[in-house]
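Enquirer: mind folding the following:
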Amino acid sequence: MGGSGATHQAHPAEDLCAAGRELYERALRDGHLPAADAAQAPCLLDSGLLHPALDDPGRLEPVAPIVALHRLLRSAEERIAEERRREELLTETFEPLMRVDGRWTEGAADTPTLRLLDGNTRINAAITEAMAEASQELLCVQPYTARNANAVRSLTQRRDQALLDRGGRIRTIYQHTLRHAPDIIAYQERLNGDHEVRTLDQVTGRLIVVDGKVAFLPANSDGTKALEVRHPALLAHFVTTFDRLWHLATPMYPEAVQTPSLNGVTHRQRAIAALLVEGHTDAVIADRLGMNVRTARLHIAKLAATLGSESRAQLGYLIARSGVLDPER
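Expert: As a prediction, this is how the structure comes out:
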C-alpha cells in the first residue's frame, strides 16, 4: 500500500495498514504532516488519528495515541451497547410470536427460554430454586450499591454454601471499590469451599449464571424485575463474556493483590483518568466505578495535584502526556 497507483483498501482501526502506521509514526515524531502525504492512507483521518491544524488546513497534526485509543474503545463500547439494545428489542418482538407458534411450546411448556420475574420475592424464589438444583458452578457479576449490600449477603449465604457443600464452585466479580469492604471480605471468609473473587474498575450489570443452564439479569433500573434466561445461545454468550472479564480482573480472594502506584498515581486514579479522558462527568465516573460523587471528586483533585494541573481542561492534556494510561505500563 502507499505506492504509486496503489488503491487503499478500507479496514478497521484495529488493523492499521502499513502505510498508515508509517505515516502516523512520522507525524508523531515530527509533530505534523503535510495533508497531501496522508492521501495514500485516508484511514488516518477516518479513524481520527490525524486532524487538520487549526492555523493551516494544509497541515495535519497527530492525535496522542492514548487519546485515540480511548476514543476508539468508547466507540466499541457504544457499538456493543447498541447490539445489546437490539437483542432486547428482538427478544421483545419475537418472544410473544414464539408463544403463538405451537412448535415453540411443544415439549417445553414448563421451561420457557425467557421468563420475566416481577418482584424481589419472586426473583429470589427463582434463584433459590435454580441454586437448589445446581452442582457445578455459579458465576456472578455483582455491581455494589450500599442499599442492597446486607440484603444480598443474608439471602445468598445459605444457598451459596449449599452449592459449595455439594462440591460446586463459585466465581464472583465485583468492582475495585469493594476490595477492602468489610462486609464483602467477611462474607467470603464465612464461606467454606471452592470460591474465588476478582475485581475490575467497571463491571457489567448484575448477572447470575447457574451451572450454565439458567441466568438471571435485571429487567429494569431498580432491580425489582428480572429476566430468567434458559436459551442456550444466550447462556453461552453470558458464560463467554464472564470468562473474558474474569481473565481481565484482579484476584481479591482468597489472595488479595495490591496494585502498585505509578509515578504517584494509584490504580483507582488511573481508572478515573481513563474516564476523564473520555469526557465523562464526575457523576458518571462515580457511578461507573461504584463510589459516591464526593469520593470521585477527591480522587480527581489528588490526581490533578499529582500531575500539576490547574484546570479540568489541562488535566485531560496532562493525563495524555504523562503516560499513566499507557497499556504497556
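Enquirer: flag every buried residue along the host helix or strand of T199.
Expert: Using DSSP states H and E, the element containing T199 is strand 194-200. Across strand 194-200, burial judged by 16 or more other Cβ atoms under 10 Å covers 195-200. (C-beta placed from N, C-alpha, C; glycine too.)
Enquirer: and if you look at stretch 198-207?
Expert: Of all the residues in stretch 198-207, those buried under the rule 16+ other Cβ under 10 Å are 198-203, 206-207.
Enquirer: from these, which is closest to S47?
Expert: When those are ranked by distance to S47 (Cβ to Cβ), Q202 comes first, at 24.1 Å.
Enquirer: can you pull the domain assignment for this protein?
Expert: 18-63, 111-253, 267-322 (automatic domain parsing).
Enquirer: quick one: the residue lying closest to Q136 once chain neighbours are set aside and G193, what's the gap?
Expert: Leaving out its chain neighbours, the residue that sits closest to Q136 by Cβ to Cβ, 6 or more residues apart in numbering is D211, at 4.6 Å. Going from D211 to G193 by Cβ to Cβ, to the nearest Å gives 16 Å.
Enquirer: all strands for the protein, in order.
Expert: Listed in chain order, the strands of the chain (DSSP state E) span 33-34, 50-52, 59-62, 114-118, 137-141, 169-175, 194-200, 207-210, 214-218, 225-229, 250-253.
Enquirer: among those, which is nearest D183?
Expert: Comparing the strands of the chain by Cβ to Cβ, strand 169-175 comes nearest, at 11.4 Å.
Enquirer: relative to the whole chain's centre, how far out is that closest one?
Expert: Computed by Cα atoms, centre = their mean, to the nearest Å, the chain-centroid distance of strand 169-175 equals 15 Å.
Enquirer: and the contacts of that strand?
Expert: 136-144, 160, 163-164, 184, 191, 193-203, 242, 245-246, 249, 252, 289-290 (Cβ atoms under 8 Å, 6 or more residues apart in numbering).
Enquirer: just stretch 58-72 next, same as before
Expert: So stretch 58-72 is contacted by 13-14, 24, 27-28, 31-36, 38, 44-45, 47-53, 274, 277-278, 319-321, 323, 325-327 (Cβ under 8 Å, 6+ apart).
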